[in-house]
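below: sequence and its predicted model.
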Amino acid sequence: MDGWGDLSTDFNPLHVDPEYAANTQFGGTIAHGHYNLAVMHQLMLEVAGEAWRTGGTLRKVRFRAPVRPGNTYVLTATADAEQADTWRLEIRPQDDADTLSAEAEAVILDEPVWTG
């Protein structure tokens, strides 16, 4: 995750400076929010394929607890039984299934959002 700062050019010390981040409310560095979004999009590409690339969108994204570099997380996509083309995404620490780090609703729209 540390390389994400280089890729995104987001060098906020909360994400890249352990000494600075240790003195914040988080007590250490945390992953960039857009890194977590990219991981969610990658999962949906695997789950929904081409339909996600052209019509997929994330909604209701919530970061509940920090995602920390060096920890292992489990990302899940659960299909909504009542709404077609809708999934609930969750990021949870592997060793603490009760902690929800991030959640989102993934939806494939009827009209493509991207056709490039």
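That came through, no problem.

which residue is nearest the centroid of this structure?
For the chain, the residue nearest the mean C-alpha position is residue 36 (2.8 Å; C-alpha atoms, centre = their mean).

what pLDDT does that residue get?
Predicted confidence (pLDDT) for residue 36: 94.

check the one 4 residues further on too.
At residue 40 the predicted local distance difference test score is 95.

what packs against whichever strand or helix holds the residue nearest to the centre of the chain?
In this assignment (DSSP states H and E), residue 36 forms part of helix 33-48. Helix 33-48 is packed against helix 3-8, helix 50-55, strand 56-63, strand 73-79, strand 86-93, strand 102-108, with contacts defined by 3 or more C-beta pairs under 8 Å, 6 or more residues apart in numbering; DSSP states H and E. Backbone N, C-alpha and C define where each C-beta goes, glycine included.

run the angle between that helix and strand 86-93 for me.
130 degrees (axes from the mean of the first three to the mean of the last three C-alpha atoms, to 10 degrees).
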